[in-house]
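Engineer: All I have is the shape, not the residue letters:
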């Protein structure tokens, strides 16, 4: 167990170690019944006092994550919703002596859950295929086989296929995003872009500020870099730059991670003035901004009425913003393609990291999307999807208004594919999951969206992944479940 | 500039820092004219003495990589073959103050070279499309569009599509590799498998033994983990286990990286007894083995006559071997798919890392390959390709015998897609690249295949990437170029 301790942090060492071990347990990286090192071994391994080590185990015991048995040691407890997979229990005990560098993998732990059959999935953030322009892409693939019969037999450039990058440049112009092909790097989805950034620029001792709550797979990637994560609250206008300003004299930030358009999970859209403030802050304090924008295409109505501010990258004059644009939310998650835009040596270093990670994204996929992006029908089709989704979101919010106990908070407005719901304090949404599965729905508990000690009374639902006929049923089950939880809590 | 120093190593601190800075310069991560930190700043940043810092810069100056100008500082020199790309020189000087964690990216620096048009490429390790079963995969893709019309609209499981993993299990049986679906993880090519292993299990203070010379993109990934890399020589029977034994009392190894079948770049095939010795060594010293086997399918003649030993993974009884199987060498590099096999918690931890890296490989690609792997024609087709390649390799070796100066050493036997040639000592193959480009061929200089201070008189050529009609021409140009270099060196 490798634990990074930051002795300069204002978080106590005991808290840091507690947090790291608890996150490993929560995300399933340390399995139930695993025996933690003895107090003496932990203290030696991490160069901490025996008292500190003892305290860490007491905190873990108190949180219910471990159980210390006198004379035997401290063991990880089996969680309430912990279903051990069948390949977890293989008899390879010696492997536990092999340490690893994974501090947490919360997104994995939630998404690798084996769901009951026919469950209505309100967790996956993707658009149901009936809403996607499937006929266009199929046609595209047929065309590609004819036009580029040898694309399967070749590696792509590390940065991506030249034709593809050119086509993307033209496409992005239609969304008022002006980028040049040499600024672009094709990634395997946005997640790889986040990960490339983290491993290239973040390490022990560096600090990155994260909008909080924050997309959990991003937190996992940042945590793997062993940097310090500084949570920054989000309000209806986006990340709280005033809090960044307050912290600036005390904490040297290296980077800021933000999803300005349809923040994940709160759904906030960062206002134009907030965007400008954030850029000024970054310039003044020499901080990098990692801008993750998967949802722009879904906001066509706002784009057409100029109600959506431009991406931070479009306002960036000195190559400070690294821009990530996923295609999975408005196109084809089955393709796992995304785009990273950056400048200068920041770009070069990310490209070097990409080459190390996988030698470049599949040429065949890039060629398959190429005629698609060149097709004038594409934007029309996305535009249509966007209005359908707008209507659907409106319906969903109305349904929640009708069905949901008023003590459960929900946003009035929300961009993106998801909604962030807040139960009364004291209701732990992790523990609603098993009952949700019994009743036939799945969602993401809010606890995985926190870089530090989690708030546990929230949940995230996605309302785009189900067919038209299944969504009302799913919402009905969900509302009943949440209402029951509120009633039980009161009783 | 982040530099990991291992104060327990038997390599001096000065050597370690010299090596790290020189590798960054050689691989283009630090650009020409870049001003290195002052002796005082370097000494403070790395907590080393002024004398040591001074010595490092002297070594860099002596190697020709930097130039120290009195009163001004130490600057990176423009290399002989250094062609600065047009997006390298963007005016974002402040970015140089942003440190990164990339120690080297040699494969990137060689592969991102912009080649003159119509150059004959003897560098890329892939099989020319005329030899690949292109008609089978095209048929497969048509079938997939019909059978799985919605695969584009879905994420895959992190570990890979269930049907795909099942099909692969059956396919591998035909090659005498017995694995179960729950041991398998789909990766974006072998490179991602290497990288997942490195970032999960290696960090500062750990040591991994590498066959040397060694595939440079693998070295890059291991170096990025900031572990110590221990070079171990390879002979005609594979990695020298006797040297591992000699080192064992002095160095605590965590892992060993090997390409046992068609070692890259030497082409060696590890004998069965060497494989058994290596496994015994690993068991005795509690070491993990990362087995990278991209070339097995190309050795069908040897497989049929039982002349090819089984993979280490097939001999592994306690889940100690992590097995990587790329498809790019015998199938479609444009798909960038590969396979990782592991057991127990080692598997689980690698799966968690995969989820962090990219949320899983593209479902659409897996579905496209599915009918292909289920097609009984596949093995027949690969078998045919393998004999064609055997014949081609024989021709190439004959041609080299006829055309090449006898002072240039080449292997008598070599598996894989490549050949490793050794020039007389004193001839630096890096410096032959510009002339090679002028004459119309490209190859990889040997220097990038070394984890530490490189040997510089070797080169790697791949003889499979060119069409039948182009290969003789390329070999002729290459032999002439190398022979001229030997003559000039003597003169």
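Structural biologist: Cool, got the structure. Given the structure is predicted, the values throughout are model-derived calculations rather than measurements.

Engineer: Can you show me the strands along the stretch 51-200 of chain A?
Structural biologist: A:66-69, A:73-76, A:120-121, A:184-187 (DSSP state E, counting those that start in this stretch).

Engineer: winner for burial among the ones you listed?
Structural biologist: strand A:184-187 (a mean of 26; mean count of other C-beta atoms under 10 Å in any protein chain shown). The way it works is simple: take the backbone N, C-alpha and C, and place the C-beta from them, glycine included.

Engineer: list the helices and strands it packs on?
Structural biologist: helix A:162-174, strand A:338-341, helix A:344-358 (3 or more C-beta pairs under 8 Å, 6 or more residues apart in numbering or on different chains; DSSP states H and E).

Engineer: Adjacent strands (with direction) for the second one?
Structural biologist: Strand pairing for strand A:338-341, determined by DSSP bridges: strand A:184-187 (antiparallel), strand A:321-326 (antiparallel).

Engineer: Can you lay out those strands as TSV showing distance to residue B:318 and mean pLDDT?
Structural biologist: Formatted as TSV, these follow (distance: least, C-beta to C-beta, whole Å; pLDDT from 0 to 100):
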stretch	distance to residue B:318	mean pLDDT
strand A:184-187	37	97
strand A:321-326	41	95
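
Engineer: Quick one: closest of these to residue B:362.
Structural biologist: strand A:184-187 (12.2 Å; C-beta to C-beta).

Engineer: thought residue A:73 was touching residue A:38?
Structural biologist: Yes - using C-beta atoms under 8 Å, residue A:73 is in contact with residue A:38, at 6.2 Å.

Engineer: Could you work out which of the helices and strands packed on strand A:184-187 reaches nearest to residue B:59?
Structural biologist: Residue B:59 sits nearest to helix A:344-358 of all the helices and strands packed on strand A:184-187, at 23.9 Å, using C-beta to C-beta.

Engineer: just to revisit the earlier point, can you redo the strands of the stretch 51-200 of chain A as a markdown table with distance to residue B:368?
Structural biologist: Below are those laid out as a markdown table (distance: least, C-beta to C-beta, whole Å):
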| stretch | distance to residue B:368 |
| --- | --- |
| strand A:66-69 | 46 |
| strand A:73-76 | 41 |
| strand A:120-121 | 24 |
| strand A:184-187 | 19 |
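
Engineer: what about residue A:438, neighbour count?
Structural biologist: 10 (other C-beta atoms under 10 Å in any protein chain shown).

Engineer: for chain B, what are the nearby residues on the stretch 151-300 of chain A?
Structural biologist: Those residues of the stretch 151-300 of chain A that sit near chain B, judged by C-beta under 8 Å from any C-beta of the partner chain, are A:151-158, A:182-183, A:188-189, A:191-192, A:195, A:199-203, A:217, A:220-221, A:224, A:254, A:286, A:288.

Engineer: Mind giving me the PyMOL select for those residues, buried ones only?
Structural biologist: In PyMOL, this line selects whichever of these come out buried by 16 or more other C-beta atoms under 10 Å in any protein chain shown:
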select buried, chain A and resi 151+152+153+154+155+156+157+158+182+183+188+189+191+192+195+199+200+201+202+203+217+220+221+224+254+288
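
Engineer: Mean neighbour count and mean pLDDT added to the helices and strands packed on strand A:184-187, as TSV?
Structural biologist: Compiled in TSV, the helices and strands packed on strand A:184-187 are given as follows (neighbours: other C-beta atoms under 10 Å in any protein chain shown; pLDDT from 0 to 100):
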stretch	mean neighbour count	mean pLDDT
helix A:162-174	17	92
strand A:338-341	25	96
helix A:344-358	25	94
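
Engineer: Out of those, which is closest to residue B:172?
Structural biologist: Nearest to residue B:172 among the helices and strands packed on strand A:184-187 is helix A:344-358; the distance by C-beta to C-beta comes to 22.1 Å.

Engineer: just checking, what packs against the closest one?
Structural biologist: Contacts defined by 3+ C-beta pairs under 8 Å, 6+ apart place helix A:344-358 against strand A:184-187, helix A:189-201, helix B:106-111, helix B:189-201, helix B:216-224.

Engineer: That helix to helix B:189-201, inter-axis angle?
Structural biologist: Angle between the axes of helix A:344-358 and helix B:189-201 is 100 degrees (criterion: axes from the mean of the first three to the mean of the last three C-alpha atoms, to 10 degrees).

Engineer: Quick check: the gap between the residue in the stretch 151-300 of chain A that chain B sits nearest to and residue A:461.
Structural biologist: Proximity of the stretch 151-300 of chain A to chain B (C-beta to the nearest C-beta) peaks at residue A:153, 3.4 Å away. According to C-beta to C-beta, to the nearest Å, residue A:153 stands 44 Å off from residue A:461.

Engineer: And whichever helix in chain A runs longest, how far out from the chain middle?
Structural biologist: Across chain A, the longest stretch assigned as helix under DSSP state H is helix A:377-403. Offset of helix A:377-403 from its chain centre (C-alpha atoms, centre = their mean, to the nearest Å): 22 Å.

Engineer: What of stretch A:97-113?
Structural biologist: Distance, centroid of stretch A:97-113 to centroid of chain: 15 Å (C-alpha atoms, centre = their mean).

Engineer: which residues touch the nearest residue to residue A:386 once chain neighbours are set aside?
Structural biologist: Excluding the flanking residues, the one nearest residue A:386 by C-beta to C-beta, 6 or more residues apart in numbering or on different chains is residue A:300, at 3.8 Å. Residue A:300 makes contacts with A:382, A:383, A:386, A:387, as judged by C-beta atoms under 8 Å, 6 or more residues apart in numbering or on different chains.

Engineer: Just give me the closest of those to chain B.
Structural biologist: Among those, and counting by C-beta to the nearest C-beta, the member closest to chain B is residue A:382, at 14.3 Å.
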